[in-house]
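Student: Generate a structure from the sequence data that follows.
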Amino acid sequence: MALNLEIKKLKRTGYLPAFLGGALLAAAFPLANMLFRPETFTAMPGRPFDILMDADWQMMAMLNILVSICGACIMYHTEYADNGAQKMDVLPIRAGSIFLGKSVIAAVMLAMMTAVEILAVTGCALHWFPDRIPDAAELLKGLLGSILFQWGAALPTVILMLVIASACRNMWVSLGIGVILAFTLLIFPQDHAVLSLFPFSSPYQTLAAAEENDRVFLFLGVCAAEVLLFGALELIYQKLRRCVE
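Tutor: Numbers count the residues shown, from 1 in each chain. As a prediction, the model looks like this:
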């Protein structure tokens, strides 16, 4: 019921078009790169998918983060507009049900964006590296693994941004905080073992880099723990807010 309610709230907010547009824009980046300078990448040794991800994923991940920031702000702007959040507090609804519904929607939209982008990179690899493509089973395994890894790496950022947006009545405050965090953590070294695990930094990591450093399961485990931690913090915040208000 809470999920259906959250979907209805977002129908006229531009939330879905924003994510679809962000996914298509990010997916167009590797295509444009290969159209304008294919020789630069086809001359490189190694697996085609890894070459393209290493060249393009930083920009694609940046777009994912910015779209997720805007999406979280849109979600909670509808809650605080016309004192909607205060009205919801008097209804027999659990404190975390609204946040859970928004988190599920945000996670699904993130998965959609990630799948579109990885499919675009795979399509470029198939077209421009036909002689270096593995068999179908290995290709499908790598495709699904990359989608799951990039989705899991970006999920803590999405959930933390929802927590920030839920605490700010003014949409521009939460938007400013998200943009500041995004660009601040971007300047930190992305290959640092600890800094790469922080939200707003973890989305830039790729499966190939994690496999090279033998950090795949560590990375996904830490990201899963961060999601649970941020969810618990939101529940505590919601209970305190109800008591105070």
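Student: Just name the shakiest helix or strand of this protein by mean pLDDT.
Tutor: None of the helices or strands of the chain scores lower by mean pLDDT, DSSP states H and E than helix 84-89, at a mean of 59.
Student: what's downstream of it, the next helix or strand?
Tutor: Per DSSP states H and E, the first helix or strand lying C-terminal to helix 84-89 is helix 97-128.
Student: in the strand or helix carrying residue 173, what counts as buried?
Tutor: Residue 173 belongs to helix 171-186 when assigned by DSSP H and E. Under the neighbour-count criterion of 16 or more other Cβ atoms under 10 Å, helix 171-186 has 171, 174-175, 177-178, 181-182, 185 buried. Placement of C-beta: from N, CA and C, glycine included.
Student: Show me where the chain dips below the pLDDT cut-off.
Tutor: Along the chain, segments meeting pLDDT under 70 span 1-2, 82-95, 242, 244-245.
Student: got the residue ranges for the helices in it?
Tutor: Using DSSP state H, the helices of the chain run over 2-9, 15-36, 38-42, 48-80, 84-89, 97-128, 136-167, 171-186, 207-212, 216-244.
Student: Which stretch among the ones you listed is buried most, on average?
Tutor: helix 48-80 (a mean of 22; mean count of other Cβ atoms under 10 Å).
Student: want to throw the helices of the chain into a markdown table with distance to residue 197?
Tutor: Formatted as a markdown table, the helices of the chain follow (distance: least, Cβ to Cβ, whole Å):
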| stretch | distance to residue 197 |
| --- | --- |
| helix 2-9 | 29 |
| helix 15-36 | 23 |
| helix 38-42 | 29 |
| helix 48-80 | 15 |
| helix 84-89 | 32 |
| helix 97-128 | 18 |
| helix 136-167 | 9 |
| helix 171-186 | 11 |
| helix 207-212 | 11 |
| helix 216-244 | 5 |
